[in-house]
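Engineer: give me the fold of what follows.
(chains A and B)
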Amino acid sequence: MNEFLQKLYDTFIYDDRWKYLTNGLKTTLVITFFAVIIGMLLGFIVAIIRATHDKTGKFPILNFLAKVYLTVIRGTPVMVQLLIIYYVIFASVDINKVLVGVLAFGFNSGAYVAEIVRSGIMSIDNGQFEAGTSLGMNYTKTMFYIVMPQAFKNVLPALANECIVLLKETSVAGYIALEDLTKGGDIIRSLTYEAFLPLIAVALIYLVMVVTLSSLVTRLERRLAKSDRG
Amino acid sequence: MIEVKGLKKSFGELEILKGIDTTINNGEKVVVIGPSGSGKSTFLRCLNRLEKPTSGKIIFEGKDLTELSDRQLCAVREKMGMVFQHFHLFPHLTILNNLTLAPVKLKLMNKADAAAKAKVMLDKVGLADKADAYPNQLSGGQKQRIAIARALCMNPDVMLFDEPTSALDPEMVGEVLNLMKQLADEGMTMVVVTHEMGFAREVASRVMFMDGGRIMEENSPEEFFGNPQNPRLKEFLSKVL
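Structural biologist: All right, here's what the predicted structure looks like:
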């Protein structure tokens, strides 16, 4: 027992080592938060371009660019994308690593969000478009007030899942020497030569965050389901 | 009011409408009947340009709809109410918001005026108590009456009905037909694609029989049902009556 307490002390208390975890957590949350914002914005824009092209044939060039973006991002590992953005694209620029992380994970997430949202738009019965059109609403208004609210509701669980995946994926940020939560735990491990406690602590922190997020989503879904009562 | 000249419509290789010529005058109630695949729904959907005709002209209130820009078409559609077979209510909105969405977002009315107008229309279709319900809480007949109210909120000059009772349980058909009859009595110009022969006989000012993408016969309901000329129409009537 004493030995375990000593290990706990060495891992978390001595030299304020717990700060590796809290500072790392802060970095992880900052990267995830801003990457989610970028990913959602980019994803919705790409999805609307793709769906509009599929339905009306407009925006052929933008649609082509969107397709290239989706293919490249979804066809390569996020870690490789992160390394390329840091060591190739920003090689000669002194840039904040957190910003690099935000950009890399944001662009990556955007591709997945785009396909989720597009599938949501395509799942809405064409009759909804026709009803909007027959009332004199143009494509944009119909999309914005009639189709998107329903599509968003349908894909909400998938979008939330994407956020959770993103939160976990940021754990590869250590590869560009970003001290996120995972890296923080790993630094403690390398200082103490004790792997169990820091890594389990890191895992528990991720788990708590994911479970909390999931329960928030379930509550939101329940509120949105109001119109499904019947 | 609506003048159709040489209207043709093909989907790829398949020619659905093979040249339609007709005029729908103000206050007329035109009922279109015909076997499935005869092009009657496509004809109706061309009238408000949900379908783009391959060739021909549709002149509504002096404007040729085949030559208008998308923006101008939107303005025209405000004046043409449409009721669909499957209602197409907006499931994420309350009944009241289903009715007020288009008038408010198109800036035709402010929110309060639109809500007041919607209440009047809900009263007219006998569903004033459903204002705060959602579409999924209503029966099929109620949904279709709401769809009619939604179209009426735009103050249309003409109402287009695309098989409005075909998706309804038999006991709900009557309530929708009665509402349509009431509209007809109030002088609304109507074009109705339907299989309800009783409605055609009772309400139509003119009945039109379509087959194979053409209008085969059109006449007053008395002549149409009492003394049909076209052999295809005779055969059709013998099957459905």
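
Engineer: run a quick neighbour tally on B:A151.
Structural biologist: By other CB atoms under 10 Å in any protein chain shown, 24 other residues sit near B:A151. (Each C-beta comes from the backbone N, C-alpha and C, glycine too.)

Engineer: ah, wrong one, I meant B:V32
Structural biologist: 27.

Engineer: contact residues of chain B facing chain A?
Structural biologist: In this structure, chain B approaches chain A at residues B:48, B:50, B:70-71, B:74-78, B:80-82, B:84, B:86, B:88-94, B:101-102, B:105-106, B:134-137, B:150-151, B:154, judged by CB under 8 Å from any CB of the partner chain.

Engineer: swap the cut-off to 7 Å and go again
Structural biologist: Neighbours of chain A within chain B, by CB under 7 Å from any CB of the partner chain: B:48, B:50, B:70, B:74-75, B:77-78, B:82, B:84, B:86, B:88, B:90-92, B:101-102, B:105-106, B:134, B:136-137, B:154.

Engineer: buried among these? Make that a PyMOL selection.
Structural biologist: Buried residues within those, by 16 or more other CB atoms under 10 Å in any protein chain shown, are selected in PyMOL with:
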select buried, chain B and resi 48+50+74+77+78+82+84+86+88+90+91+92+101+102+105+106+134+137+154
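
Engineer: among the residues of chain B next to chain A, which ones are in strands?
Structural biologist: With strands taken from DSSP state E, the overlap with those comprises B:M82.

Engineer: what distance do you get for B:T22 to chain A?
Structural biologist: 21 Å (CB to the nearest CB, to the nearest Å).

Engineer: my error: substitute B:E196 in the last question.
Structural biologist: 21 Å.

Engineer: show me what contacts that residue?
Structural biologist: Going by CB atoms under 7 Å, 6 or more residues apart in numbering or on different chains, B:E196 touches B:T165, B:L177.

Engineer: do you know the pLDDT at it?
Structural biologist: Listed pLDDT for B:E196 reads 94.

Engineer: what residues does chain A put near chain B?
Structural biologist: Residues of chain A lying near chain B (CB under 7 Å from any CB): A:127-128, A:130-131, A:133-138, A:141, A:145-146, A:149-150, A:153, A:227-230.

Engineer: so which of the residues you listed belong to strands?
Structural biologist: Among the residues of chain A next to chain B, no member falls in strands (DSSP E).

Engineer: next secondary structure after the lengthiest helix in chain A?
Structural biologist: Secondary structure of chain A per DSSP state H: the longest helix is helix A:18-56. With elements assigned by DSSP states H and E, the helix or strand that comes after helix A:18-56 is helix A:60-75.

Engineer: and residue 171, how many neighbours?
Structural biologist: No chain was given, so I picked chain A. Around A:S171 there are 18 residues (other CB under 10 Å).

Engineer: oops, chain B please
Structural biologist: Counted with other CB under 10 Å, B:E171 comes out at 10.

Engineer: just the one 5 residues further on next, same as before
Structural biologist: Neighbour count of B:V176, defined by other CB under 10 Å: 25.

Engineer: likewise for the one 3 residues further on?
Structural biologist: The criterion is other CB under 10 Å. On that basis, B:L179 has 19 neighbouring residues.
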